[in-house]
Structure formats: C-alpha cells, structure tokens
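# prediction below, plus the sequence it came from.
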Amino acid sequence: MKFNVNDIRKDFPILSREVNGKTLVYLDNGATSQKPQIVIDAITGYYSNDNSNIHRGVHTLSQVATTAYEEGRKKIQAWINAEHSEEVIFTKGTTDGINMISNAWGRANLQKDDEVIITEMEHHSNIVPWQMICEEKGATLKVIPVNDSGELLMEEYKKLLSSKTKMVALVQISNTLGTINPVKEIIALAHEVGAKVLVDGAQQVAHAAPNVREIDADFYVFGLHKMFGPTGVGILYGKKALLEEMPPYQGGGDMIKEVTFEKTTYNELPHKLEAGTPNISAGIATAAAVDYINSLNWDEIHVHEQELLDYATAQLKKIDGLKIVGEATKKASVISFVVEGVHAYDIGVIVDKMGVAVRTGHHCTQPLMNRFGIQGTVRASFAFYNTKEEVDLLIVALKRAINMLS
Amino acid sequence: MTINERQDGIIEEFEMFEDWMDKYEYLISLGKELPLIKETKKTSENIIKGCQSRVWLAADLEKSKVHYTADSDAIITKGIISLMIRILTDSSPKEIMETELYFIDKVGLKEHLSPTRSNGLVSMVKQMKMYAIAYSSKV
C-alpha cells in the first residue's frame, strides 16, 4: 500500500488533539511513540472481554488470554527473524532486559579481570547495570570513544578487544545523536575474540525491524512503547543455547518445574526467565503493534523519514547560533542541537507553549554530554507520522523562543 | 511587608498579563536582571542539580533574618527563583518555616514546581526551608 502520511496520522487519535490551544506537534518519539487505534483497542479489548491470568488456567478465558499473549511472542519472533519462539523473552522494557543479562548472564560468566566493552554514547541503562556487575565481579568496563561527528572510533574499538573481552554491549541507534552504529561489523569483531554482544535496540525498532540473525546478535533488547506498542513490556532476544545455560534472573511463579523446600527445578524457556504474572494486556497488544507495523510500506517510510531528517537539519542550520550535536553519516531521524547563549530547558518550555513537544536535557547520556562539553541539548525525534509542515512549526516556535530568550 | 503580602503583590502583578507570552516575557526579564548570587558562592556545595537545569542557592543570617541569594543556568528557572527570593528573603526563620507558597498556583506556574520537571526548583524550595530551620536555632 502506498504510504500517505495524512492517512497514517488518522490511525493515531492523539495526533489530532490540542496542547496549550495549539495543534500538537509531537517530536518526542525518541522518548516514546504514539499508539495507533488498533493497539489501544487490543488493550481495552483484553480488559473488556478476555481478562484472565495466563498459562496453566484450564478455563476458557485463561486459554483465550494465553493464546493471545503467546501470539505476541510469535509475531515478535517473525518480526525480528529469531529462529525459535522461546528465544523471545517478555520483559518490562529495554532497561529490564539489560539488567536481566548483566545480572543472570553476567553473574554466571564474568570473572575477575574480565572486560566488558560499552560505548561513549550509551544510555545510562546500558552503562549502570554493567558498572554494577563489573564492580561485583572485579571486572573492568572499557569504553569505545566517539569522534566529533558522534561516530564510534572503530580503530579504538579494535584496540580494546582482547581475549579478556567477555561482553560488548552497545546501542544500535543513539537516542541522543541519532547515530546508526555498524552493529554487524562490531558483532563480528567481538565474536573473533570469543566475546558475546548485547545490542540495545530501543531506538532501532521505531525505524526498522531488527534482523537478529543477520547481524548475529547474541542478545537484543527493546521496549514496545517506542514501536507504537504499549508501555511496560519489552523483549529480550537471546540465542537459545545462551539462554538455556543462563540461570534464572528472578524466582517466582511460572518459572518453575517443581518446587520443594529442598530444591526447585526450573521451567523450560521462555518461562524460566519470566517469573510472575506478566503485563498481559501489553503482551497481547504487542501482537497488534507488530500487525500494524507490518501493514505499512517500510520502503516508503524510510524515504519519508530521510526527507524529514534532511529537511529539518537544513532548516535548523539556517538559525543563527544553532549547532547540531551529532552529524554522523549514517543517522536516524533524531536531531539534537544547542543554541548559543540559550538554555535547552528554556527553549523546551517556550516551544511547548506553542504546542511543540521536544525533549531537553542530557537524555540519560551524561558521559556523552561530557564528551561534547555541554550540559544538555534540545532533541527533536521524528516518527513516520510526522510531516514537513510540523518541521516548519518547530522552526517557527524555535525562532520565537530564541527571540524571547536572547 | 509580610511574606503573604509579598505573595499577594506578585499575584496582583500577574493578573495584568493577558496571555502566556506576557507572563513568560516578564519571567525572562526577571531572569535577565543582575546576577542573584556572588560567583564565589556558586560552589559545588551550593548547587542543586536537576535533570534539566542547575540551581545554586546560598543563605546567610543577617540581623536575625534569612538572606537568600540564588542563580540558575536556565533563564526561566532564574525568573521563578527571583520571585521566590523576593517573597522569602530577609524574613525571620520562623515566618519562612510557616509559609505556604500559594502564589505558584495562583500565577499559573505550578508546572514548573512539579517534581517531575526536575529543574531543581522543587529541591530549591525545600532547601530554602531547610536553611530557615537551621537558622531558627541561632536566633
């Protein structure tokens, strides 16, 4: 089906609301995306018709809910090109997935003097969990630096790799800079020294389906809320052999085979890693989100997003004193910028008054801010439902804000 | 002038503004006025870190009254700080401790003092009261 942005916008009820008396211009998609009606209906439909706890229930409702929930898993499996459905673990979100690996895999596999490599552009949620486990195990955290354009220095990465490297954890698309990292190449190099790789796909999933087998990721994590699905649910993909040998992360219901006071045996994958009642409605709405994504023409969306990025970048560069932070050659539709003499927070407050939602601050990447010698940026992040007209409204609001503030 | 008289004065000032532009232009102009704190007091001890903007706050006891000085790197935050200081400074610790800052709501700036804003203002108000509590034992 031909991509028409004005038709697509009708799928998202929130996009027609007003904010501060103006039509909403939502440019904070990097924080969370909006939801199409089909996802909203899946959530209300579950609570209205099928609400029941899943797995092991013999009654009809439980079976209906279980089937719908497991359908979400299968759809994700196909979407990310995983070999087995049990390689798809439901989590609370990206952060939860990283913590599961740093805790369960890290505790079992990291030893004193081992090394974990991350990058200078990681979100705090892909820094802190590794710092915690490295501290506990006496392992060392190494960091791949970025250049002035916000690209990883691959030569530096190669120098960091050694037989001590046990894990490389990195982001596929930087939430702050928009940089698209060459994960396939990075993974291949890590595998040469026997290290495992975790990819933080939080931003990737809004722009393209991750192909976990093509890039050969060992672990791949993301949340559904940035890919037009509900909050509170995410996915951890892991290669089956790695997940099977990994001890459970949390103990509780659903993850056991047999419990006695002397010893507990654990359930099979994926349930071994899914203790407790999950976010059932969100799991069910996951299927709807994937269905929605699959109904779109992604070749045309890529062209549209690139046009938005190019157009917004060109318009922003015309503003005096404005500097774009992150100008990687390969970039997603995320633009961070600073304006000389004007604080990001002030810009965010004023443009909001004109209906424009952007994010301001350090974007949970303080080490990256330090790298660029700044306190924070204004970030406009675009989804496929954004338009060139919205870029124009951003520019108008921005000029007015700068005028008021300088 | 009592603290509440000062709050009422600010509420009256804000009633004249017709739209958000006027209000924010006023805040920005307040923010642009002379620095509110001596550079020597912008120390790491006096910094209140928010996620979005940084605030510096210092307080001295002068003739049994608490004298506040503060600053921020964000100008709108600074404008709001300037209002806070105008209301609370040079009052007795007891009066500051007992004050309820109702003007924020009345002038429509509540959003800036929501804990989720993380611009340092909520912590600043808390810290201003803490100084008053600390100084109350010295008067």
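That came through, no problem. Since the structure is predicted, the reported quantities are computational estimates derived from the model, not experimental observations. Residues are numbered from 1 along each chain as shown, chains lettered A, B, ... in the order given.

# helices or strands up against the least confident helix or strand in chain B by mean pLDDT?
Ranking every helix and strand in chain B by mean pLDDT, DSSP states H and E puts strand B:47-49 at the bottom, with a mean of 83. Applying 3 or more CB pairs under 8 Å, 6 or more residues apart in numbering or on different chains; DSSP states H and E, one finds that strand B:47-49 contacts strand B:54-62, helix B:121-136. Yep, even glycine has a C-beta here, placed from its N, CA and C like the rest.

# how about chain B, which residue sits the furthest from its center?
B:E18 (23.5 Å; CA atoms, centre = their mean).

# dihedrals phi and psi, that one?
phi -90, psi -40 (degrees, to the nearest 10).

# pull up the pairing partners for the least confident helix or strand of chain B, direction included.
Applying DSSP bridges, strand B:47-49 is found paired with strand B:54-62 (antiparallel).

# off-centre distance for the partner strand?
10 Å (CA atoms, centre = their mean, to the nearest Å).

# in that strand, what counts as buried?
By neighbour count on 16 or more other CB atoms under 10 Å in any protein chain shown, the buried set for strand B:54-62 is B:R54, B:V55, B:W56, B:L57, B:A58, B:A59, B:L61.

# so which helix or strand takes in the spatially most central residue of chain B?
Taking CA atoms, centre = their mean, the centroid of chain B lies closest to B:M84, which sits 2.7 Å from it. Per DSSP states H and E, B:M84 falls inside helix B:75-88.

# per-residue pLDDT, A:E136?
A:E136 is assigned 98 on the pLDDT scale.

# which SSE is it in?
Since the elements are taken from DSSP H and E, A:E136 ends up inside helix A:128-137.

# helices and strands around that helix, which ones?
Helix A:128-137 sits against helix A:94-100, helix A:106-109, strand A:115-119, strand A:140-144, with contacts defined as 3+ CB pairs under 8 Å, 6+ apart.

# a markdown table for these, including mean neighbour count?
Below are these laid out as a markdown table (neighbours: other CB atoms under 10 Å in any protein chain shown):
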| stretch | mean neighbour count |
| --- | --- |
| helix A:94-100 | 25 |
| helix A:106-109 | 17 |
| strand A:115-119 | 24 |
| strand A:140-144 | 18 |
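
# output those in CSV, with distance to chain B and mean pLDDT appended to each entry.
As requested, the helices and strands packed on helix A:128-137 are exported to CSV (distance: least, CB to the nearest CB, whole Å; pLDDT from 0 to 100):
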stretch, distance to chain B, mean pLDDT
helix A:94-100, 16, 98
helix A:106-109, 28, 97
strand A:115-119, 22, 98
strand A:140-144, 23, 98
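
# any chance of those in TSV, with distance to A:S333 too?
Shown next, in TSV, are those (distance: least, CB to CB, whole Å):
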stretch	distance to A:S333
helix A:94-100	19
helix A:106-109	33
strand A:115-119	21
strand A:140-144	24
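
# about what we covered before: please list the outside residues in contact with the least confident helix or strand of chain B.
For strand B:47-49, contacts defined as CB atoms under 8 Å, 6 or more residues apart in numbering or on different chains pick out B:R54, B:V55, B:W56, B:L57, B:G120, B:S123, B:M124, B:Q127.

# quick check: the first one touching A:Q375?
When you say that, I think you mean B:R54. Yes - using CB atoms under 8 Å, B:R54 and A:Q375 qualify as a contacting pair, with a distance of 7.4 Å.

# okay, and the common contacts of those two?
Residues touching both B:R54 and A:Q375 (CB under 8 Å, 6+ apart): B:D73.

# ok so, going back, closest one of the buried residues of strand B:54-62 to chain A?
Nearest to chain A, judged by CB to the nearest CB, of the buried residues of strand B:54-62 is B:R54 at 7.4 Å.

# residues touching the nearest residue to that closest one once chain neighbours are set aside, list them.
Among residues not flanking B:R54 along the chain, B:D73 sits closest, at 5.1 Å (CB to CB, 6 or more residues apart in numbering or on different chains). Going by CB under 8 Å, 6+ apart, B:D73 touches A:H343, A:Q375, B:S53, B:R54.

# and these as TSV, adding distance to A:P278 and pLDDT?
Putting the contacts of B:D73 into TSV (distance: CB to CB, whole Å; pLDDT from 0 to 100) gives the following:
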residue	distance to A:P278	pLDDT
A:H343	41	96
A:Q375	39	93
B:S53	38	86
B:R54	40	87
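
# now a PyMOL select for only the buried ones of those.
Applied in PyMOL, the following selects the buried portion of the contacts of B:D73 according to 16+ other CB under 10 Å:
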select buried, (chain A and resi 343+375) or (chain B and resi 53+54)
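
# max pairwise distance over the contacts of B:D73: which two?
Of all pairs drawn from the contacts of B:D73, the greatest distance, 9.6 Å, lies between A:H343 and B:R54 (CB to CB).

# what is in contact with these two at once?
A:Q375, B:D73, B:A74.

# distance of the closest residue to the last one other than its chain neighbours relative to A:K330?
So the one you mean is B:A74. Spatial nearest neighbour of B:A74, chain neighbours left out: B:S53 (3.6 Å); criterion: CB to CB, 6+ apart. B:S53 sits 32 Å away from A:K330, going by CB to CB, to the nearest Å.

# likewise A:M354?
Distance from A:M354 to A:K330, by CB to CB: 32 Å.

# so the two - more neighbours on which side?
Comparing A:M354 with A:K330 by neighbour count (other CB atoms under 10 Å in any protein chain shown), the higher total belongs to A:M354, at 20 against 11.

# isn't that one up against A:A397?
Yes - between A:M354 and A:A397 there is a contact under CB under 8 Å: 4.1 Å.

# what does chain B have sitting close to chain A?
B:20-21, B:24-25, B:28, B:51-54, B:73-77, B:112, B:119 (CB under 8 Å from any CB of the partner chain).

# near chain B, which residues of the stretch 251-400 of chain A are found?
A:342-346, A:348-350, A:353, A:360-362, A:375-376.

# let's see 6 Å
A:H343, A:Y345, A:D346, A:V349, A:K353, A:G361 (CB under 6 Å from any CB of the partner chain).

# and the nearest residue to B:D60 once chain neighbours are set aside, which of the three is it?
Excluding the flanking residues, the one nearest B:D60 by CB to CB, 6+ apart is B:H67, at 4.9 Å. Counting by DSSP: H, G, I helix; E, B strand; the rest coil, the backbone at B:H67 sits in strand.

# okay, now the unreliable bits of chain B?
Applying pLDDT under 70 to chain B picks out residues B:51, B:116-118.

# and A:A401, which of the three is it?
Quick answer, by three-state DSSP: A:A401 is helix.

# in the stretch 151-300 of chain A, which spans are helices?
In the stretch 151-300 of chain A, the helices defined using DSSP state H, counting those that start in this stretch lie at A:154-160, A:183-192, A:212-215, A:240-245, A:280-294, A:298-317.

# using CSV, list the CA coordinates for the last one.
Spelled out, it's helix A:298-317. Below are the C-alpha coordinates for helix A:298-317, written out as CSV (Å, rounded to 0.1, in the frame of the first residue of the first chain):
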residue,chain,number,x,y,z
TRP,A,298,8.5,0.5,5.0
ASP,A,299,10.5,1.2,1.9
GLU,A,300,8.5,4.4,1.5
ILE,A,301,8.7,5.2,5.2
HIS,A,302,12.5,5.1,5.0
VAL,A,303,12.4,7.6,2.2
HIS,A,304,9.9,9.8,4.2
GLU,A,305,11.9,9.7,7.4
GLN,A,306,15.1,10.5,5.5
GLU,A,307,13.3,13.5,3.9
LEU,A,308,12.2,14.7,7.3
LEU,A,309,15.7,14.4,8.7
ASP,A,310,17.3,16.2,5.7
TYR,A,311,14.7,18.9,5.7
ALA,A,312,14.7,19.6,9.4
THR,A,313,18.6,19.5,9.5
ALA,A,314,18.7,22.1,6.7
GLN,A,315,16.1,24.4,8.3
LEU,A,316,17.7,24.2,11.7
LYS,A,317,21.2,25.0,10.3
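
# no further queries at this time; thank you.
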